[in-house]
Every structure is written in C-alpha cells, then in structure tokens.
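Enquirer: Show me how the following folds:
(chains A and B)
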Amino acid sequence: MSTTMTMAAALNAALRDTLETDPDVLLIGEDIGTLGGVFRITDGLQNRFGAARVIDSPLAESGILGTCVGMAYRGMRPVAEIQFDGFVYPAFDQIVAQVSRLHYRTGGLVQMPVTIRLPYGGGIGAVEHHSESPEAYFAHTPGLRVVTVADPQDAYSTLRAAIECDDPVLVLEPKRRYWSKGEVDSSVTADLSSARVLRRGADATLVAYGPLVVTALEAAVAAEDDGIDLEVIDLRTLAPLDRDTVAASVRRTGHLVVAHEAPGNVSLSSEVITSAVEDCFDRLEAAPERVTGYDTPYPPAALEDHHLPGIDRILDAVDRTLGRRSSREVA
Amino acid sequence: MLTTTSAPDQDLVDGLAQPLFVLGEDGTRHPDTTLDPFLHDADEELLTGLYLDMAVIRALDDEAVALQRQGELGLWPPLRGQEAAQIGLARALPETDFLFTSYRENGLAWCRGVGAQEMLSVWRGTTLSGWDPFAHHMATPQVIIAAQAHHAVGYAMATQAQGKDDIAVACFGDGALSQGDLNEAMVFAASFHAPVLFFCQNNQYAISEPVAVQATVPIALRPTGFGIPSLRVDGNDVLAMRAASLLAARHIRSGKGPMFVEAVTYRLGPHTTSDDPTRYRDEEELETWRHRCPLGRLERHLDQLGASIEELHAEAERRSEETTAALREAVTALPVPAPESLFDHVLSTEHPGLLRQREQFRAFTASLAPEPTETAQTGGPAS
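Expert: The predicted structure is shown next:
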C-alpha cells in the first residue's frame, strides 16, 4: 500500500490525486504547466488534466493570488504555486488583506479555500531571494492557516488536507528536503491543527519544523552519546499554533529548545517560548533556548552553513538549557 | 508554441478624440454610430426610469453625507456627479453578472437591491461587510485600490471554465490605473480571454491627485496596450453609459474576451467626508462640471421629448424621500453586534487559541460588571 518516494514525488501525487477526485480543484502558477514547475512538483499534471486545470500564469504573484480569490468566490478550490519564497512578497496584499480576511469580513458568507504552495528555506546554495523563511509574516495573519511539512508522508497527507480545508492554507515546502525519500501511504490523513511528537525523550523538548525536523532528529541521536534524552516535536502547524502539545511535553521535560531557519527576532520561536512560559512557567527548570538564523538578510550561499542551525548549534543550546558547559562559557 | 503579437492598436479604442456621447449638454439627442445600435429601446419610459434612479441615488448620497455630518456615520464616500456612470452600468447588466467594486459604488449597490441598513453598516462601523455578496451578485466594497480587479478576473475565468455565460465586472477609479494589480489583472484577462468588464470611473481625482499624475495619455488608451479594446465615454451621459455598457457586455459575453470602459466624469464632492477639496480644486473647474450634471442633461432631453417635468420631479421627490427616510431609520436601528462576535468567523472552524482568548475576554468583561446586590445595598450612584 505504501510506496517509497521523494517528497517532491509525494507532493506531485497529492496534487494528482486531488485533481482526480475533485473537479473544483485547479492549479495556477508560473511555469507549472509544460515545465512541471522549477522543482517539477507539478510534473506531468498539465498533460494529464489539461491547461484549463493546470494553468501557466503570467509572471505576476499578486495576480496569481488575486485571481485565486475570484475563483474561490465562484466556488473553485485553487492551488497556487509561488515559485520561490523570496517572490511571495509582491502577493503580500492579496494574501494578508484579501484571501485571509474575506471569511471574517463577510461574517462567514464567503469561503476562501485557497491553497498557497511555497517552496522555502535555504541549504541549496541558491542566489539571493531563493532561500528565505518568511513564515512569521504569514503566521501573524489571522484567518490564514500556515503549515509546513517535513517528510514525504507528511507532505502528501498535509497537502491533501490543506486543499480540502475550507480556510486558506499556506503550505511551506522545505525545498532542501524535496529529494529526501520515505514511505508514502495515500490512505494516511493529516489534520492541520496539531503538532507531531516524533521522538519521546525525558531531558529536554526540542521543537522544530520544516527543514529542521530532520536536523532535530539527527541532533537527538547525537545527544544520546552525551547521555541526553531529547523529545522532538515537529510543530507542523505554525498557525494556529498547537501550544498544548508543546506545553504537555515541557511539563514532563522541564526544558525547551526551539530551532528554525528564520531570523529569531519576532519569530515562531518567540511565540513558542512565550506560550510555554505562559502555559507552564512553574514546570520550566531553566530558561528556554532558541537556535535560529541570525537577524540578517539571508547571507550569500558560501556562508549559509554558518547561518542555518545545524546539529552542533542545537546541541550547544541544549547544553545551555541543561546547565552544561556551552559555547557561551568558552570565551 | 510560438504566437505572434501585434503592436498596440489605437483602433482598439473608440472615443479617443472626444468621449462618446449621445445627449448634448442642452439635452439634444446626437447620433453616434458606435452607441446607436444599443439605443433602440430608449423610449420615454426607460429614460424616466434612468432619471429616477439617478435622482434617488443622489438623494441617498446627500442623506448619507448629512448623517455623517451629524455623527451617525464614521465616514462616507460621496458619489455626487457620478450617478450616470453607475446607473448606466447597473441598468445595462442582468443582475446575475457579478460586480467587484471599490467603495464609491453605492449607486450600484442600490440598483442591486442592497438595503439601507446593509449599505450603511460598514460606514457606521458595525460590520466589515454589509451584505451577502451572493444574494446581490456584488462583492463587498474593496478599500485597497485595484485589488478587486484580480478578483473579477478570477471569477470570470471560473465562469468560463464552468461554461457559463455570465460575466464579471471590475469597478475602479482613475487612481487604480497606477496600481500594479490593475495592470496585472489586464494581463491575466487578456491572456485568458476572461469574460470581464473593466469599468473605470475617471472622476479626475484620486483624493487630491489629478488624473494627470496617474496617466499622461487618455486612460482608455492604456488597455489597448494589453490588446483589450476600450471605449471612452462621457460619464455624465447616462444614455451613452448604458449603451456603452450594453455594447461591452455583449462583446464579452460573445466570447471575445475582456473589454474596458472609461467613464469620463467628475466627483463633485470630496473624496470622503474627511476631505477638503477646496485645497486642490478651484471653483471655476467645479462650475464647469456642475453644468454637465447628468440629471440636468437628461431632464432637458425629457423636456424636449415632451415629458412632464413637473410629474418627473414629483415622482423623484417621492421616491427620494422614501429612500432617505429608510436610510435615516436604518442608521439608528443598526444593532451593535455582541462584543463576543469579534471572535467569530476567523477560520471556518474554531481553534483552541481563539477559544482561549474568547474565554479570557468573557471572564474579563464579566469581571467589570457591577454586582447587582452590592449596588442595591449601597443605594448610591455609580462612581
């Protein structure tokens, strides 16, 4: 029943299966037709479903999202592809001021089942504007669901759930994980409102999402060598945030580390840590730590390994929260 | 696949030298080869109806301005001067064609059966959207300039995909010409032959900025660069506006793709009730446009046809009073929604974070309520 495939293939399968079963679903984006998208996520779909359902759009991001709003008004369920994270900004108004608030503005009369697929994050040696992590801008927007995926199964199930959801959903696809392989069972469903506990542990809670989930799991394995037992949570749903799952874990471990690629200033880690402090301050045994991209624009590719949180920086933060010797004491 | 594209074609625009019109300022009927084929039904009855529509929405508009001045509305964007453009369009389209408008199209809303309460609630601040878009085939007013142009094109593309023949209309002002969204929307519409009407009310000013800041060539020429044919029409001539709208709708409905209509008109009042137009417009200019009043022009024409102007005025007054009385009554009757409703409809389902905030809000507001028994015991006035 399950098949081994890459995350890219899983996303392609999710789109194909949805187009097959729901005639109201259509895809729109730049180069998604004949080319199959720059990452080939829509490969073969225009050939199979036609140019009216897999639409090669003009090069205009605001236009892509604004057109989706009108389509949704008419009962369609459009799935938009924005080619790269750094290109989403021209569509900002249509996402945050239009698609995200029409349901609220109209007292529930207008639904906006628009899915926005956004390849995001660094680690592929790309040029400027092709490695950004803009999730905090969107997670800040009421009325918009923001999710990110971590492995092929999660990618398949979450994308299908996003398209089926009556709310607008921004699906952040970690592009450096597109080619990672895993088992995919098309009968597995996902819900868009819960985090996933991927590894049980007793000493500290490590929260990550998207591209850093794999890194976090690797860090947990490495931590075993130091006798540290890490619990790993994939946040998955960035908005609305599943703070209960995080709090339940922190209540048991007493320690919290949050890792993501985006700059830490006014970020998801700010929110996760604040929530934990509000929810279970009395159970925290030390100050929470965060490991993030620095508060700089995304650096040139030659420096991105320094910018992106890796296993060592995560373990360094784990050491700090557990009161062990860390980099802060070396100097 | 290679396709050839042709250079922008000035032949795509009609009315470039002079906006198309059929009623002179003195009310005399002029022939126009473009519009005449769409005027065969323009008998006295139809003309009287158009006049009454314009008179009523002018009265409605004046009343709303008065209500704002009296503190009953937070803001109002007056449409005075633009009655012909709005009525000409509204009375040319079947009510199933879907309108995506800006915030000054209250004349269109009135023609679409939007009630007084629904129309005023946004400006009173009791809702963000007064009416059901699907009941009136009219999206709720858009405040961001030109954003709705995309929505109209998307809607039109969807009707096309569904094989239906209704069309979508994007209404906007001259300021929208400068926005990327309108220009992107024209690219989408042209590329996909979307059944959409771009309807520009060029009222000469975007707040204080004259149209020359938005366009150094006539607005109607702009869409031709996208391959979209357009009409430049005297926006104060309701008969010409109706005929142009009929022409455009037929063109679009026949599968020939989008069309653009520029209504050359003038906003006689301020941008909104917060605005002081005397700082950027002179009295001479205003006087010129007052003479081009759409109501006066049609009235003179009806007079030439031998209609009873006295009866016309009486009927206009009767309907206007009815409308303005309803408006005034509607304002005071508008309920303030329950405070807790501010948490409703953020998403299609409740989520724990908002439920938590709703509970916190409930507890906080409950904590502010005075204890009734204590008040009774002390017996004194609340401090």
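Enquirer: how is chain A carved up into domains?
Expert: Following automatic domain parsing, one gets these domains for chain A: A:2-185, A:196-322.
Enquirer: Among the ones you listed, which comes closest to chain B?
Expert: Nearest to chain B, of all the domains of chain A, is domain A:2-185, at 2.3 Å by CB to the nearest CB. The way it works is simple: take the backbone N, C-alpha and C, and place the C-beta from them, glycine included.
Enquirer: Quick one: mean pLDDT for the closest one?
Expert: Domain A:2-185 carries an average pLDDT of 97.
Enquirer: quick one, helices of chain B?
Expert: For chain B, helices defined by DSSP state H occupy the ranges B:44-69, B:83-90, B:106-111, B:116-124, B:133-136, B:147-161, B:180-192, B:238-251, B:283-290, B:294-305, B:309-333, B:352-368, B:372-378.
Enquirer: contacts for the second one?
Expert: Outside helix B:83-90, the residues within contact range by CB atoms under 8 Å, 6 or more residues apart in numbering or on different chains are B:50, B:53-54, B:57-58, B:79, B:105, B:107-108, B:111-112, B:169, B:171, B:199, B:201, B:235-245, B:261, B:263, B:265, B:294-295, B:298.
Enquirer: before we move on, back to that, could you dump the domains of chain A to JSON lines with mean neighbour count and distance to residue B:13?
Expert: Formatted as JSON lines, those follow (neighbours: other CB atoms under 10 Å in any protein chain shown; distance: least, CB to CB, whole Å):
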{"stretch": "domain A:2-185", "mean neighbour count": "21", "distance to residue B:13": "22"}
{"stretch": "domain A:196-322", "mean neighbour count": "20", "distance to residue B:13": "45"}
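Enquirer: Can you lay out these as CSV showing distance to chain B?
Expert: CSV is the format used below for the domains of chain A (distance: least, CB to the nearest CB, whole Å):
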stretch, distance to chain B
domain A:2-185, 2
domain A:196-322, 4
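Enquirer: Please identify which of those domains is closest to residue B:17.
Expert: Across the domains of chain A, residue B:17 has its closest neighbour in domain A:2-185 (32.0 Å, CB to CB).
Enquirer: Excluding covalently adjacent residues, which one is nearest to residue A:131?
Expert: Nearest residue to residue A:131 in three dimensions, chain neighbours excluded: residue A:122, at 3.6 Å (CB to CB, 6 or more residues apart in numbering or on different chains).
Enquirer: I'd like to check which residues are in contact with that neighbour.
Expert: Residue A:122 is in contact with A:131, A:132, A:133, A:176, A:211, A:261, A:293, A:298, A:304, A:307, A:308, counting by CB under 8 Å, 6+ apart.
Enquirer: Are stretch B:121-137 and chain A in contact anywhere?
Expert: Yes - interface with chain A: stretch B:121-137 contributes B:127, B:128, B:129, B:132, B:133, B:134 (CB under 8 Å from any CB of the partner chain).
Enquirer: what's residue 307 in contact with, if anything?
Expert: No chain in the question, so chain A it is. Shown in contact with residue A:307 (CB under 8 Å, 6+ apart): A:122, A:293, A:294, A:296, A:298, A:299.
Enquirer: wait, chain B
Expert: Residues near residue B:307 by CB under 8 Å, 6+ apart: B:44, B:47, B:48.
Enquirer: ok, 10 Å please
Expert: Residue B:307 is in contact with B:44, B:45, B:47, B:48, B:51, B:299, B:301, counting by CB atoms under 10 Å, 6 or more residues apart in numbering or on different chains.
Enquirer: quick one, phi/psi of it?
Expert: Backbone torsions for residue B:307, taken as degrees, to the nearest 10, come to phi -70, psi 160.
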